[in-house]
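>>> Mind looking at a prediction? Sequence and model below.
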There are 2 protein chains.
Amino acid sequence: MAARTRRPYAPRMAVEDRREQLLDAALDVIARDGWQALTMEALAREVDVTRPVVYSAFRDLGAVLAALFARQEERARTVVEQSLPTKEDLADPDAALVRAMGRFVDAVAQDPRGWRLVLLPPDGTPSAIRHVVEQNRQQYADRITELVSWGLEQRGGPAGLDVELAARSILAIIEEAGRLLLVDPERYSAARLEAFVGTIMRALARE
Amino acid sequence: MAARTRRPYAPRMAVEDRREQLLDAALDVIARDGWQALTMEALAREVDVTRPVVYSAFRDLGAVLAALFARQEERARTVVEQSLPTKEDLADPDAALVRAMGRFVDAVAQDPRGWRLVLLPPDGTPSAIRHVVEQNRQQYADRITELVSWGLEQRGGPAGLDVELAARSILAIIEEAGRLLLVDPERYSAARLEAFVGTIMRALARE
């Protein structure tokens, strides 16, 4: 009898799966309604479970936020690491940059909720988050600076190029590409964005 | 005798000058303390006058915001219009783009308070403002698309270039340049930013 009063869509789930589900739901709530809308109650509504189910996965909202930061930071770090040139890239710096672009765009396509937080920060984003995003961005800029310096040595490049501004510009283009993909993935496909970077690299002098 | 109780730094000012002063002060308050800190009281404190002085220039906070939007929108429109290629630019599309970049960077240097609102939007920026900024950005993107199409016709350019993505990339670079100038004007001078764009343009193939 008691079973009839249960909500219909709260199947039992392993706690790790439940946590992942709730973290995804948190990103949805934030993207749609802003940071201030994120409460344990809102999370329960979002995945259509009772509040005790949410509390069985996370002690409180602070625990949700800590887990969310840890997960998203780990994902961002993975993207940065995977964008580094590998041994196979040594022969062709242009291909290395196109590949770095491709990996970033793929990461955005695979986790649009998470990257929306970074590339299109919703109103009321806590300054702690802005700070972490800014740190990761700096790390990404440093990696790209290395890649540009190395590419100039390998392939030659525009005479007198300002390496730091080149790296900043590439970062700005990559971020804009990520935003375009988030806003209109059909129009700005990963393939289109990669092809564009390839065209530019081929067109740059190798003095 | 009454004169001795007056605040020392509230010289009489023509009402137009007072309004300009208060609008600049509003930008300072927003940049430093966020949108929610902007009150008639805060404005009075910021320019060190009594509240009635503020109320003699603006009826209420709504009037301050309306005047602020109108002024900043007018300034943004002027920058967009001045960045359009002129007759003298017809001979040299590369120089036209470098000049467009230079004009934008100059505008940022002349009104850092105003451009901070656009390029580094403080937390709690009202959605009405975000909307206006997004509209202006779209307008700027359209102008740059025209400039790129025209430049490709005039000078030749990378074969198969995606004109829309090229324009979006240029916009992203220009905005990043503006942010760098706001954050560290000594390191990222207008001259350095313009020289960088010139180097890139010279290095791009003219197929």
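Structure received. Numbers count the residues shown, from 1 in each chain, chains lettered A, B, ... in the order given.

>>> ok, the residue nearest the centre of chain A - contacts?
The residue lying closest to the centre of chain A (CA atoms, centre = their mean) is residue A:115, at 3.4 Å. Applying CB atoms under 8 Å, 6 or more residues apart in numbering or on different chains, we find residue A:115 in contact with A:107-108, A:178, A:182. For the C-beta atoms, the positions are set from N, CA and C on the backbone; glycine is no exception.

>>> mind redoing it with 6 Å?
Neighbour list for residue A:115: residue A:108 [criterion: CB atoms under 6 Å, 6 or more residues apart in numbering or on different chains].

>>> Which strand or helix spans it?
Element membership for residue A:115 (DSSP states H and E) is helix A:112-119.

>>> Quick one: mean pLDDT over that helix.
Mean pLDDT, computed over helix A:112-119, is 90.

>>> Just want the angle from the following helix or strand past that helix to helix A:112-119.
For helix A:112-119, the following helix or strand on the C-terminal side (DSSP H and E) is helix A:127-155. Taking axes from the mean of the first three to the mean of the last three CA atoms, to 10 degrees, one finds helix A:127-155 and helix A:112-119 inclined to each other by 90 degrees.

>>> hmm, helix A:127-155 touching chain B?
No - figure legend: helix A:127-155 not in contact with chain B (CB under 6 Å from any CB of the partner chain); closest approach 7.3 Å.

>>> for stretch A:23-38, same thing?
No - applying CB under 6 Å from any CB, one finds stretch A:23-38 out of contact with chain B, separated by at least 9.9 Å.

>>> quick check: mean pLDDT across that stretch?
On average, stretch A:23-38 scores 92.

>>> Would you mark the buried spots in that stretch?
For stretch A:23-38, a neighbour-count test (16 or more other CB atoms under 10 Å in any protein chain shown) marks A:23-31, A:35, A:38 as buried.

>>> for stretch A:157-165, same thing?
Buried residues in stretch A:157-165, counted by 16+ other CB under 10 Å: A:157-158, A:161-162, A:164-165.

>>> The closest residue to residue A:47 other than its chain neighbours and residue B:206, how far apart?
Nearest residue to residue A:47, sequence neighbours excluded (CB to CB, 6 or more residues apart in numbering or on different chains): residue A:25, at 4.9 Å. Here the criterion is CB to CB, to the nearest Å. By it, residue A:25 lies 52 Å from residue B:206.

>>> Tell me how chain A divides into domains.
Listed by automatic domain parsing, the domain ranges of chain A are A:1-58, A:70-203.

>>> Of those domains, which stretch is the most buried?
Burial of those is given as mean neighbour count (mean count of other CB atoms under 10 Å in any protein chain shown); domain A:70-203 ranks first at a mean of 17.

>>> how far away is the closest residue to residue A:195 other than its chain neighbours from residue B:145?
Using CB to CB, 6+ apart and skipping residues adjacent in sequence, the residue nearest residue A:195 is residue B:162, 7.1 Å away. According to CB to CB, residue B:162 stands 11 Å off from residue B:145.

>>> quick one, helices of chain A?
Along chain A, counting by DSSP state H, helices occupy A:15-33, A:40-47, A:51-57, A:61-82, A:93-110, A:112-119, A:127-155, A:163-183, A:190-203.
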